[in-house]
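Undergrad: Give me a 3D structure for the following:
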Amino acid sequence: MHRLGIVSGTGTARKRTVPALRESDVCRVSVVHGRNAGALRQLADADPGVAVTTDLAEFAARRDEYDVVFVASPPFLHLEHVEFALTLGKPVICEKPLTSDRAAPARIGALVEAAGVPFVVAHQLRHQPAVAQLRSLIQDGELGAVSTASLQWSFWMNHDAPSASWKLDPALGGPNALFDAGVHAVDLALHLFGRPEAVRARGHHARSTRTADTVVATLDYRAFAVTVTASQSAGPALNDLLVTCEHGAVRAPGLLAERSLDHLEILTADGSRRVDHAPVNLYRAEIEDFCRHLDGAAHPGTTLHEAILATEIMFAAQDSIDVGGAPVRIGPAGES
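TA: Alright, predicted model coming up:
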């Protein structure tokens, strides 16, 4: 049984990760750090076996009580918290996106390389059978070569929520909606199709004056294009993935969501078929899969390299927005 120590665990981790791991037989939460003492008391009341602290020094002093560190803070704190976590000599999981600071990815990359510990970025959508099947369909060419694809994650952000204060500040949450829900679509595009050659994007200020809260980005590949749509000001009814190929198409209705996908639709000239999938707790799976990797299983999650590339793509999208949608090149591997 692996033990998880969480840095900045009173936000998303308290709401999702800690409850998700209560029934896990692979990993359990043992220590949680956070700045909100009230939220920590609530967490300790709900999970009496979890030690809580508002002091990072105390969290470090308890390092013998956990085996893996989960950096669950907002992206503008990731550089600071990843640097701290790496000093503990433990494997690290970092919340997505890797960072909202254009200068931070190279620094984080250098720190992780120097530390030499396993490192992954938490993208829960990858950790489900439907995505594994979807990737196999594409890579095995069952439907022929990819012609086009689209991914969308839209939602109606509550501007009164505490997190909105930093999500809508470009210096903290990033300059556009891709850095929020849209990063999931970017990550899936990298997982399914690899590195694009260029990005074109348009952004709109539907309700936010400081950030582009609705973005449509086109990732250009050598023989096809992938459209990524992200919005903090739209309904979620069509948060789907669609891939059209030479001999058919595959649709994942509602894939971009907080719950696992229950079925894929595969369409060909001979008709359509539905492949059902059992439900998965995505927030449990992303942690458990990393722990299994530490025990020798294949690496299932978003690597540091992929997370850095996703950040590059999102900033390239903003650069394209700033110049009216002109293409911005993504350099080959090694130039990011």
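Undergrad: for this structure, what's the longest helix?
TA: As assigned by DSSP state H, the longest helix anywhere in the chain is helix 304-322.
Undergrad: Could you give the average pLDDT over that one?
TA: Averaging pLDDT along helix 304-322 gives 97.
Undergrad: Mind checking the pLDDT average for the helix or strand just after that helix?
TA: Going down the chain from helix 304-322, the next helix or strand is strand 328-329, by DSSP states H and E. For strand 328-329, mean pLDDT is 96.
Undergrad: Adjacent strands (with direction) for strand 328-329?
TA: Paired neighbours of strand 328-329 in the sheet (DSSP bridges): strand 198-204 (antiparallel).
Undergrad: Let me see the residues that make contact with the strand it pairs with.
TA: 176-177, 212-220, 313, 316-318, 320-321, 325-330 (C-beta atoms under 8 Å, 6 or more residues apart in numbering). Glycine gets a C-beta too; all of them are placed from N, C-alpha and C.
Undergrad: residues of that strand that come out buried?
TA: Ala198, Val199, Arg200, Ala201, Gly203, His204 (16 or more other C-beta atoms under 10 Å).
Undergrad: pLDDT and distance to Arg251 for the residues you listed - can I get that in a markdown table?
TA: Supplementary listing: those in a markdown table, determined by pLDDT from 0 to 100; distance: C-beta to C-beta, whole Å:
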| residue | pLDDT | distance to Arg251 |
| --- | --- | --- |
| Ala198 | 98 | 26 |
| Val199 | 98 | 24 |
| Arg200 | 98 | 24 |
| Ala201 | 98 | 24 |
| Gly203 | 97 | 27 |
| His204 | 96 | 26 |
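Undergrad: Need the max-distance pair from those residues.
TA: Ala198 and His204 (21.0 Å; C-beta to C-beta).
Undergrad: Which members of the contacts of strand 198-204 are classed as buried?
TA: Of those, these count as buried by 16+ other C-beta under 10 Å: 176-177, 212-220, 313, 316-318, 320-321, 327-328, 330.
Undergrad: Test my guess that Ala269 contacts Ala249.
TA: No: Ala269 is beyond contact range of Ala249, at 10.7 Å (criterion: C-beta atoms under 8 Å).
Undergrad: joint contacts of those two?
TA: Common neighbours of Ala269 and Ala249 (C-beta under 8 Å, 6+ apart) do not exist.
Undergrad: and the angle from the longest helix of the chain to strand 198-204?
TA: With axes from the mean of the first three to the mean of the last three C-alpha atoms, to 10 degrees defining the directions, helix 304-322 sits at 60 degrees from strand 198-204.
Undergrad: Now stretch 41-58: buried residues?
TA: Leu43, Asp47, Val50, Ala51, Val52, Thr53, Leu56.
Undergrad: Residues in a beta bridge with the residue lying closest to the fourth one once chain neighbours are set aside, which ones?
TA: The spatially closest residue to Ala51, leaving aside those adjacent along the chain, is Val31, at 4.8 Å (C-beta to C-beta, 6 or more residues apart in numbering). Each beta-bridge partner of Val31 is listed here: Gly5, Ala51, as defined by DSSP bridges.
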